[in-house]
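J.: Sequence below, structure please.
(one chain, ligands or ions: 3)
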Amino acid sequence: MGVGKTTVGRLLAERLGTEFRDTDEDVVATAGKPVAEIFFDEGEDHFRALERQAVATALAEHDGVLALGGGAVMAEETRRRLADRPVVLLTMDVAEAVRRTGLDAPRPLLAVNPRQQWRRLMEERLPLYTEVARAVVDTQGRTPEEVAEEILGALELSRP
Ligand SMILES: Nc1ncnc2c1ncn2[C@@H]1O[C@H](COP(=O)(O)OP(=O)(O)O)[C@@H](O)[C@H]1O
Ligand SMILES: O=C(O)C1=C[C@@H](OP(=O)(O)O)[C@@H](O)[C@H](O)C1
Ligand SMILES: [Mg+2]
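T.: Residues are numbered from 1 along each chain as shown. Ligands and ions are numbered 1, 2, ... in the order given. From the prediction side, this is the model:
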């Protein structure tokens, strides 16, 4: 969360001359309300069900750059769908995560004790991120434009 998937994904699509899509935006459009309200009104499980469906639909019909929500990989079904895709994992440290998410749209999972929550989520998710990632790009101390450039280079190197 807050690492720049949405921001950098949009830039990357521009560079590649392709479309950009974000599964959080698709979920918000389907539910007709912001992510934080879905969590509040219907709960995280419902959000995850909408998210699994949004990822499946986007991967089936979208041919461009796709940004996922940070928790999408928790679904085994989603990890399977990502297995043959050029997935990029973006990284940063906890201080940067708290800085970036503090300035941005509310993320319900970081609403209380963001530092501790972020560490806990990373511990749980890092093995899953690593499992699906074809390239890893550190965003620390880099502008979104620099990150997009790094991704282009990293994917070129990892091309099968
Ligand atoms: N490389 C970066 N350096 C500084 N701030 C960034 C960087 N990438 C993104 N941000 C900022 O961090 C916040 C979260 O970015 P966002 O793209 O929404 O992340 P994600 O989609 O991974 O949650 C936004 O305010 C964005 O402008
Ligand atoms: O990591 C997560 O569990 C989440 C990440 C968010 O998206 P970003 O990763 O784009 O912030 C959003 O899907 C929701 O708040 C849950
Ligand atoms: Mg995002």
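J.: wouldn't residue 18 be in contact with residue 62 here?
T.: No. Under the criterion of C-beta atoms under 8 Å, residue 18 makes no contact with residue 62, lying 9.3 Å away. Placement of C-beta: from N, CA and C, glycine included.
J.: What ranges does this protein have for its helices?
T.: Counting by DSSP state H, the segments of the chain that form helices are 5-16, 23-31, 35-42, 44-61, 76-82, 94-102, 114-132, 144-158.
J.: mind putting the ones you listed in a markdown table, mean neighbour count included?
T.: Converted to a markdown table, these look like this (neighbours: other C-beta atoms under 10 Å):
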| stretch | mean neighbour count |
| --- | --- |
| helix 5-16 | 19 |
| helix 23-31 | 18 |
| helix 35-42 | 16 |
| helix 44-61 | 16 |
| helix 76-82 | 15 |
| helix 94-102 | 15 |
| helix 114-132 | 14 |
| helix 144-158 | 16 |
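J.: Turn the ones you listed into JSON lines, columns for mean pLDDT and distance to residue 67.
T.: Output for the helices of the chain, formatted as JSON lines (pLDDT from 0 to 100; distance: least, C-beta to C-beta, whole Å):
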{"stretch": "helix 5-16", "mean pLDDT": "97", "distance to residue 67": "4"}
{"stretch": "helix 23-31", "mean pLDDT": "98", "distance to residue 67": "7"}
{"stretch": "helix 35-42", "mean pLDDT": "97", "distance to residue 67": "13"}
{"stretch": "helix 44-61", "mean pLDDT": "98", "distance to residue 67": "10"}
{"stretch": "helix 76-82", "mean pLDDT": "98", "distance to residue 67": "13"}
{"stretch": "helix 94-102", "mean pLDDT": "93", "distance to residue 67": "15"}
{"stretch": "helix 114-132", "mean pLDDT": "97", "distance to residue 67": "14"}
{"stretch": "helix 144-158", "mean pLDDT": "91", "distance to residue 67": "12"}
